[in-house]
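J.: here is my input; please provide its structure:
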Amino acid sequence: MAQFLDLADAVEDIVRDGDTVAMEGFTHLIPHAAGHETIRQGRKDLTLIRMTPDIVYDQMIGAGCARKIVFSWGGNPGVGSLHRMREAIEKGWPAPLEAEEHSHAAMANAYEAGAAGLPCAVFRGYLGADLARVNPNIRSVTCPFTGEKLAAVPAIRPDAAVVHAQKADREGNVLIEGIVGVQKEAVLSASRSLVTVEEVVDSFGPRSPNAVVLPSWAVSAIAVVPGGAHPSYAHGYYKRDNAFYKAWDAISRDRDAFTAWIDEHVLKGGPERFAQFVDASMKEGAGA
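T.: Purely as a prediction, here's the structure:
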């Protein structure tokens with residue numbers, strides 16, 4: 001059953017050195033506050049999994065948290081490259097980074113397989129693609145019924161999954177509204193899970209048709225972190241901070257500028273530092 005913890009205690013309990021960690025959220029509800037707390041606690045040797053790694057993983061990689069990334073498409077959405085991820089892969093700074101690239105379809109199916117307790121995902125995909133030449137975890141199987149050749153990838157079964165959501169009720173059930181990705185599957189496939197939420201409510205009330213509800217029994221910990229998805233957006237709560245995404249391109253290009261930003265906006269102070277970062281970013285529109 002889900003425990004209600006503050007963010008620092010939740011990350012300390014859920015995310016451990018050497019873990020395979022999935023921090024999911026598609027376009028919005030990206031768990032930035034939890035990512036910052038993971039950096040602040042000095043986690044190392046993580047295998048980071050994410051369908052579309054963007055700046056939260058750029059920050060964690062640049063801060064030295066990761067040894068490997070498993071992903072499908074990586075970039076600063078609408079802006080350009082992830083410069084910290086790129087330099088870690090190409091130049092080994094601040095530490096060498098192993099990369100395992102998949103298609104979106106492969107990742108989505110792998111999460112589904114993990115949530116179902118299966119060893120691998122089998123699907124139609126990768127026909128005519130070259131990724132299998134560089135990724136030994138892309139293989140093929142023959143359907144025993146039709147003889148059709150199908151793609152196969154290992155199931156994703158993380159040690160820890162971290163997602164952000166709009167609401168939890170007081171029993172620990174979680175409501176996600178708006179665009180959804182693989183948050184539910186990530187949590188169900190993981191050994192441990194943390195959900196950060198905007199607020200705790202007595203009742204969800206009427207649910208939107210595409211709501212995703214994670215029952216309390218599927219969640220390890222819940223932490224209340226208003227603004228915890230910033231600079232991504234939380235449907236019904238706040239908008240995407242496009243100015244910060246643009247500002248991040250310049251910040252992340254230079255090692256010294258990146259290190260100074262992490263020192264100032266992440267490492268100084270505790271979890272309350274994230275709230276200060278959000279407040280400053282929204283006021284100044286430049287993330288500084």
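
J.: show me where the stretch 51-200 of the chain has helices.
T.: With helices called from DSSP state H, counting those that start in this stretch, the stretch 51-200 of the chain shows them at 55-62, 83-91, 104-115, 131-134, 183-189.

J.: by contact count, what packs against the first one?
T.: Pointing back at helix 55-62 there. Taking 3 or more Cβ pairs under 8 Å, 6 or more residues apart in numbering; DSSP states H and E as contact, the helices and strands that helix 55-62 lies on are helix 32-40, strand 46-50, strand 66-71, helix 83-91, helix 242-253, helix 255-262. C-beta coordinates here come from the backbone N, C-alpha and C atoms, glycine included.

J.: do the same with the second one
T.: In terms of contact count using 3+ Cβ pairs under 8 Å, 6+ apart, helix 83-91 is assigned the packing partners helix 55-62, helix 242-253, helix 255-262.

J.: may I have stretch 162-171 exported as CSV, CA atoms only?
T.: In CSV, the C-alpha atoms belonging to stretch 162-171 read as follows (Å, rounded to 0.1, in the frame of the first residue of the first chain):
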residue,chain,number,x,y,z
VAL,A,162,8.9,7.5,-10.7
VAL,A,163,6.0,9.5,-12.2
HIS,A,164,4.1,12.7,-11.5
ALA,A,165,0.3,13.0,-11.4
GLN,A,166,-2.3,15.6,-10.6
LYS,A,167,-4.0,14.0,-7.6
ALA,A,168,-3.9,11.2,-5.0
ASP,A,169,-6.8,10.6,-2.6
ARG,A,170,-6.2,10.0,1.1
GLU,A,171,-6.1,6.2,0.6
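
J.: next, the buried residues of that stretch.
T.: Burial within stretch 162-171, assessed by neighbour count using 16 or more other Cβ atoms under 10 Å, is assigned to 162, 163, 164, 165, 166, 167, 168, 169.

J.: do stretch 217-225 as well
T.: By 16+ other Cβ under 10 Å, the buried positions in stretch 217-225 come out as 218, 219, 220, 221, 222, 223, 225.

J.: need the distance between the two termini of it.
T.: Distance between the two ends of stretch 217-225: 21 Å, counting by Cα to Cα, to the nearest Å.
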